[in-house]
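[1] Sequence first, then the predicted structure, then my questions.
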Amino acid sequence: MKRLLLISLLLVSASLLFAQTELILTDASSVNAQIAADRASASPADVYIAQSGAFLYWDATYQVDFDLHIKGASSDWIYNQASPPVFVPIPDGAGTVYLFVDVIEGGSLTLENCLFSGTNATEGGDILGGFIIEHGATQVIIDNCSFSDMSGNVLEINSAPDLVSVTNCLMINCFRPTNSPWGGHLGRFNTPGALINLENNTYVNCGRTLGNGGNFYTSDLIENHVSIINSQTNAQEIHWNQALMANNLFYNWSWLGRTPADVAYNYSITTFETFSGLELDSVSVYWGRNLLYRDPAIKEYYDNELAAAEVSPYITWNLDVDSTILADDNTTIGKSYWDIDPEFTTGPGNLDQILGWLSYKYDDSVTDYVHWGIAAPVTYDAGTGQPVLSWPPAFDLSYSNQYLLVGGTDGLPVGDLNWFPDAKATYLANRDAYIAALVDSITNATALYIPGDPESERITEDMLVSVEAGDFSTPDNFSLASNYPNPFNPATTVSFEMARANKIDMKIYDVSGKLVKTIVDNKNYTAGSHTVTVDMADHSSGVYFIMLSNGSQKLTRKMTLLK
């Protein structure tokens, strides 16, 4: 039997329960030199404080074999801080810039309330490849920080920390500034074992999201209420023990597109491959209530300007997802919102640069590289060589779409809740219950994707008759229970609830998406609870899907006939 893990995170180190000593970082020398000198003292500090408005620099990678805690002075959301502390790299004599921290065996890392930039003062110098690497940490916790302008990985994990948690962070321009899209990960997880918690983050302009280096199941993953804006590809090359991926906003997702020559592995938003020697039944996944939106101009650009290159949009799933769902009762794809514009208060504003980059990649006649990101938050004065901060960034990703504002599994806005402070407060007050509900959805979700029917996963704008109709599963509205018994032979009972009288359809589909039996055909039912008997005596053993529809809403359950 597969384990279903309810993840409860202890995000505060035990050391924080006691009085701590602090050291204020200054710009008199590099951060790495100041910490090294303090660690060599008789009583090293517990926390290193970065004051608001400070510019601090690293000139070498610092190896950490202790509990390193760097904290900005203000705990306001990083976007709302007028002058957060800023950390930048200083090149060596050869113009090389180094990542900031390497957490080795015996060490841990906590970063809070700071801005990290990969730009540097060397004219024509490369941006930073990455900020943090790990080779033996017990945990890595990053909260309320911003990372901008880097070409590799914000965070690379190479061992098995007990916890990797990234929350309330803002990533900007994390991509490789060349023709290659294969950089700019939030995180790369090269070994199994970590519990990964990604909540209430915003990524604006990234190469891709999560990466993995090996044929293994790496982690238990929470990816919840994250806004991913203008990612070249959202293919999440990672494989989980348990994953909860819900309430995320993918805007201009995988805008890179694909050609017939591209590897199918990269076509989809995530990978569900199985590997030799690994038990599929050890995996538990729920994906649902995410938004997937592309600006229509991107598709038009494929069809018109890039028609000769045969560029097509990415798809949500590769073919492996169907066989995985059918083989594994605890891999569940729910319904997600499709091509619904959130109506941002102020978007990033770099659509024209994105279209120009597409021409640079696919049209051989275009030879000038187009930097498709937005303005870097940290630049350098041409006269003094000193860093200059332009903050906050010009975008405001709060939005006004009335359906998405209540579209999450928790009834809260889809995407990063930091853009909606009242909703975030509600989320934090009820987080354990919300995560428990997502775990329950692995086996008990009712609004499901049917293998072989790509349209079945999509909640489109024409389905959103009202805010109430946008709620596809709450018991006080319209719900479908698991059939009982299940497996069954040859009959089973199906129960459903309705908040108001309506006409109902109930149909049975096979694993290919083919309609095999109509149980109820456009029949009036009163408000309340109802049961229907489904007799499958004339059908062979196998997995089937029962779909209940009231015209604007469709609920789905998986059922197994076993003769």
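    Looks like it arrived, so ask away.

[2] rest of the way, CA atoms for contacts and neighbours
    Will do.

[3] list the helices and strands the helix or strand harbouring Tyr337 packs on?
    With elements taken from DSSP states H and E, the one containing Tyr337 is strand 336-338. On a contact count with 3 or more CA pairs under 8 Å, 6 or more residues apart in numbering; DSSP states H and E, strand 336-338 meets strand 291-293, strand 458-459.

[4] strand partners of it, parallel vs antiparallel please.
    Counting by DSSP bridges, the strands paired with strand 336-338 are strand 291-293 (parallel), strand 458-459 (parallel).

[5] between those strands, which gets the lowest average pLDDT?
    Mean pLDDT values for the strands paired with strand 336-338 show the minimum at strand 458-459, a mean of 90.

[6] next one: that strand to chain centre, how far?
    Relative to the centre of its chain, strand 458-459 is centred 19 Å away, using CA atoms, centre = their mean, to the nearest Å.

[7] after that strand comes which helix or strand?
    With DSSP H and E, the next secondary element past strand 458-459 is strand 478-480.

[8] which helices and strands does that following strand pack with?
    By 3+ CA pairs under 8 Å, 6+ apart, strand 478-480 packs against strand 491-498, strand 554-561.

[9] which stretch in those has the least confidence?
    Among the helices and strands packed on strand 478-480, strand 554-561 scores lowest, with a mean of 85.

[10] Now do that one: which elements does it pack against?
    Packing partners of strand 554-561 (3+ CA pairs under 8 Å, 6+ apart): strand 478-480, strand 542-549.

[11] Out of those, which is the most enclosed?
    Most buried of the helices and strands packed on strand 554-561 by mean neighbour count (mean count of other CA atoms under 10 Å) is strand 478-480; its value is a mean of 25.

[12] So, low pLDDT: which residues of the chain?
    Residues of the chain that meet the criterion pLDDT under 70 lie in 1-18, 123-124, 179-182, 213-215, 237-238, 264-267, 271-282, 319, 465-477.

[13] Of all the helix elements in it, which one is longest?
    Using DSSP state H to assign secondary structure, the helix with the most residues in the chain is helix 431-444.

[14] Count the neighbours of Ser74 for me.
    Neighbours of Ser74 under the rule other CA atoms under 10 Å: 17.

[15] Now for it: which residues touch it?
    Listed by CA atoms under 8 Å, 6 or more residues apart in numbering, the contact partners of Ser74 are Ser52, Gln81, Pro84, Asn113.

[16] quick check, nearest of those to Ala429?
    Asn113 (21.4 Å; CA to CA).

[17] gap between Phe496 and Leu389?
    57 Å (CA to CA, to the nearest Å).

[18] domain assignment for this protein?
    46-175, 186-197+209-372+395-473, 476-561 (automatic domain parsing).

[19] right, and those domains - which one's nearest Thr379?
    Per CA to CA, nearest to Thr379 of those: domain 46-175, 6.9 Å.

[20] What is the distance between that closest one and the centre of its chain?
    20 Å.

[21] Same question for stretch 184-196.
    That offset, for stretch 184-196, works out to 13 Å (CA atoms, centre = their mean).

[22] could I have it exported to CSV, CA atoms only?
    Below are the C-alpha coordinates for stretch 184-196, written out as CSV (Å, rounded to 0.1, in the frame of the first residue of the first chain):
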residue,chain,number,x,y,z
GLY,A,184,17.4,29.4,-15.1
HIS,A,185,16.0,26.7,-12.8
LEU,A,186,14.6,27.7,-9.4
GLY,A,187,16.1,24.5,-8.2
ARG,A,188,17.9,21.4,-9.4
PHE,A,189,17.6,18.3,-7.3
ASN,A,190,20.4,15.8,-8.2
THR,A,191,19.9,13.3,-5.4
PRO,A,192,16.9,11.7,-3.7
GLY,A,193,15.7,12.4,-0.2
ALA,A,194,14.7,16.0,0.3
LEU,A,195,11.3,17.3,1.4
ILE,A,196,10.7,20.2,-1.0
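
[23] If you count neighbours, what's buried in the lengthiest strand in the chain?
    For the chain, the strand reaching the highest residue count under DSSP state E is reported as strand 515-525. Buried residues in strand 515-525, counting neighbours by 16 or more other CA atoms under 10 Å, are found at Lys517, Ile519, Val520, Tyr525.

[24] Check stretch 169-189 too.
    Going by neighbour count (16+ other CA under 10 Å), the buried part of stretch 169-189 is 169-177, 181-189.

[25] and the end-to-end length of that stretch?
    Terminal residues of stretch 169-189 are spaced 18 Å apart (CA to CA).

[26] Next: stretch 495-503.
    Stretch 495-503: ends 16 Å apart by CA to CA.

[27] about what we covered before: of all the domains of the chain, which one comes closest to Gly383?
    So among those, domain 46-175 is nearest, using CA to CA, at 10.8 Å.

[28] Run through the residues that contact Ala537.
    By CA under 8 Å, 6+ apart, the contact list for Ala537 reads Asn489, Pro490, Ala491.

[29] isn't there a strand covering it?
    No: going by DSSP: H, G, I helix; E, B strand; the rest coil, the assignment for Ala537 is coil, not a strand.

[30] Fine by me, thanks again.
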